[in-house]
Structures are given as C-alpha cells and as structure tokens.
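Peer 1: Here's a sequence, model it:
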Amino acid sequence: MMDEQERLTKAYQSNKLSHAYLFEGDDGQTMQQVAIDFTKLILCNGDYQCQLKVETFNHPDFMYVSSEETTIKKDQVEQLVHHMNQLPIEGDYKVYIIESFEKLTVQGENSILKFLEEPPENTIAILLTTKPEQILDTIHSRCQHVYFKPIDKTKFINRLVEREIAKPVAELLSTYTTQIEVAVTLNEETDLMALRKSVVKWCQLLLTNRSMALIAIVDLLKQAKNRKLQLVTLAAVNGFFEDVMHAKVGMDQDMIYHDLKEDIKAFSKKLTYNQIILMYDQITEAHKKLNQNVNPMLVFEQIVIKGVN
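Peer 2: Here you go, the predicted model:
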C-alpha cells in the first residue's frame with residue numbers, strides 16, 4: 001500500500017500532479033484511505049484543521065461522491081459538476097473523489113468525461129473502482145492509473161470477521177473473492193455454513209469413495225442451486241486441494257480448512273504431486289464449463305470421473 005502512497009506524495013512534491021487519477025484494485029477500503037490521505041496532502045499542507053475538514057467531508061474545496069445503491073444518481077453528478085466549476089475557496093486546489101466509479105450511468109460517465117477533457121484549472125479528480133472493465137475506455141485514457149495490490153487473504157478474512165461473518169465462512173469466501181461487499185452479500189443470501197459442510201464432505205468422498213462422491217453431487221447442488229453458488233463451490237473445492245498441496249510442502253499455517261488439519265495432512269501423504277495437480281486441472285476445466293452453461297450435474301460428475309483414482 002505504501003508504494004502507491006509514496007508515488008503520489010512524490011508527484012505532489014515535485015509539482016507533477018495529474019488532473020485525474022484512476023485507482024484500481026480489489027481492496028476498496030485501502031484505495032479510499034489512500035485517496036483521502038492524498039486529498040489532505042493536496043489541500044492541507046500539513047494543517048491539522050484542514051485535514052480534519054477533509055476527513056469529515058466538510059472541506060469547501062473537496063467533494064466525495066458515493067452511493068449505497070447500485071448506481072450513482074444524476075443529481076449527485078450535476079451537483080459535483082456545478083461544485084467543481086467554482087474557484088477554490090481555501091487554497092489553490094479543488095479535489096473530488098468518486099467511489100465505485102463503475103456505478104455511474106453512461107450519462108453520468110459522459111458528464112465526467114467532458115470534465116476530464118477540459119478540466120477546470122487546479123481541479124483534481126480521483127476515481128476509485130474495483131471493476132475497471134466496466135468503465136469507458138475514453139475515461140481510462142484520460143486518467144493516470146494507480147494500481148493497488150490485491151488484499152492479503154488473512155486481512156480479508158479478518159475484515160469479514162469484523163463484519164460478523166463466522167470465521168470458517170470467511171475463510172471459504174476468501175477462496176472465491178477478495179471484494180468485501182461481494183462476500184458480505186453472498187453471506188446474506190445463502191447459508192454458507194451448510195454449503196461448507198457439503199463441500200467438505202464431497203471433497204473427502206472424492207478422495208475415498210468415488211461412487212459415493214457421484215451420489216453426493218445431488219446434495220451439493222441442492223445447496224449450490226445457481227451458477228454463482230456453483231462457482232463458489234468450485235472455488236471452495238479448489239481451496240481444499242490447495243490446503244492438501246500446502247500440507248504436502250509443509251506450509252500448513254495458512255489453511256482454509258483449519259478444522260480438518262489432520263485429515264488434510266493424511267490426504268497429502270497419500271496423494272502424489274501429480275495427483276493434486278490433476279485435481280487442480282479438473283477444477284479449472286469445470287470452471288470453464290460452468291461459464292459455458294454446461295449442465296452443472298455433468299460438470300461435477302466429470303471432476304469425480306477424471307479425478308484421482
């Protein structure tokens with residue numbers, strides 16, 4: 001995280017500020033923090049009162065746009081454009097941050113684009129996104145990109161636990177996504193503890209009793225009843241084999257399935273490296289097929305049939 005911040009600080013110190021920055025990465029929270037710290041740097045020159053105003057979103061030359069909804073509303077954009085066309089009140093610059101930039105409607109993006117093409121003097125835009133592929137190319141090309149590293153797994157799990165998600169579920173979610181909000185929504189929609197139980201049972205059967213594993217797919221798909229949950233299930237199965245691989249190479253401190261440590265160790269002794277890699281390949285293949293709309297029953301059966309004998 002410091003690398004991005006240091007680069008931005010250097011740009012400020014050497015008077016090389018761009019008029020627009022696009023922050024991209026999975027870790028929305030860190031990007032937000034760095035954006036606010038960068039704003040303080042630009043507007044405050046170390047002044048404590050000013051920094052406080054930025055932190056509480058009360059600085060007259062600073063505007064922070066975000067939305068809890070799926071889109072950022074038209075009037076938010078109009079208000080922003082109006083605000084940014086005014087002269088700075090307290091210092092030399094004005095800064096605006098748009099969080100989850102991909103939530104803008106096409107119309108909203110076009111208003112901002114006009115703005116990026118002919119920025120008012122001394123106005124700096126900081127756009128944040130976890131979904132850069134959903135943003136117009138014309139916006140990408142007008143911004144300086146700042147890439148953030150993916151959130152580290154342990155930190156991600158801890159943040160989910162802070163959001164009152166049970167640790168075993170948080171660990172399961174970490175195999176599927178590194179986006180906090182995606183994980184929280186999934187947990188609200190589904191009984192992931194039950195899904196985890198089915199996944200564990202199925203993985204154990206995969207390695208001990210293949211005919212039972214075939215039968216158990218029915219149970220698995222009762223839990224994973226839509227495509228998204230089937231992809232979560234695959235990610236969780238993959239996490240199981242990652243644990244087996246980690247145990248095999250003696251790196252079992254970062255396990256996903258902590259409660260199965262002994263089982264996993266036993267499997268890791270029984271399986272060869274090639275067998276574990278074969279399982280990875282089958283899961284990758286299954287992932288592709290699910291995304292191509294192949295019947296999930298068939299997809300999961302193939303893992304059993306082509307997997308470890």
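
Peer 1: contact partners of stretch 261-270?
Peer 2: Defining contact as CB atoms under 8 Å, 6 or more residues apart in numbering, one finds that stretch 261-270 is touched by 204, 207, 240, 243-245, 247-248, 252, 255, 257, 276. (Glycine included, C-beta is placed from N, CA and C.)

Peer 1: ok, the residues you listed vs residue 21, which is closest?
Peer 2: residue 255 (38.0 Å; CB to CB).

Peer 1: That closest one: neighbouring residues, count only.
Peer 2: 19 (other CB atoms under 10 Å).

Peer 1: So which residue is dead centre in the chain?
Peer 2: residue 179 (2.6 Å; CA atoms, centre = their mean).

Peer 1: What does the pLDDT read for that residue?
Peer 2: Residue 179 carries a pLDDT value of 81.

Peer 1: I'd like to check which residues are in contact with it.
Peer 2: Counting by CB under 8 Å, 6+ apart, residue 179 has contacts 26, 28, 130.

Peer 1: Can you lay out those as CSV showing neighbour count and secondary structure?
Peer 2: Converted to CSV, the contacts of residue 179 look like this (neighbours: other CB atoms under 10 Å; DSSP: H, G, I helix; E, B strand; the rest coil):
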residue, neighbour count, secondary structure
26, 18, coil
28, 19, helix
130, 22, coil
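
Peer 1: Pull up the pairing partners for whichever strand in the chain runs longest, direction included.
Peer 2: Identified as the longest strand of the chain according to DSSP state E is strand 123-129. Its sheet considered, strand 123-129 pairs with strand 20-24 (parallel), strand 94-98 (parallel) by DSSP bridges.

Peer 1: And stretch 136-156, how far out from the chain middle?
Peer 2: In terms of CA atoms, centre = their mean, to the nearest Å, the gap separating the centre of stretch 136-156 from the centre of its chain is 11 Å.

Peer 1: Quick check: end-to-end length of that stretch?
Peer 2: 29 Å (CA to CA, to the nearest Å).

Peer 1: what does it contact?
Peer 2: Here stretch 136-156 has contacts from 1, 4, 7-8, 18, 20-27, 30-31, 34, 101, 106, 109, 112-113, 116-117, 125, 127, 132, 159, 170, 174, 178, 180, 183, 254, using CB under 8 Å, 6+ apart.

Peer 1: Recalculate using a threshold of 7 Å.
Peer 2: Stretch 136-156 has contacts (CB atoms under 7 Å, 6 or more residues apart in numbering) with 4, 18, 20-27, 30-31, 109, 113, 116-117, 127, 174, 178, 254.

Peer 1: Filter these down to the buried ones.
Peer 2: 4, 18, 20-27, 30-31, 109, 116, 127, 174, 178 (16 or more other CB atoms under 10 Å).
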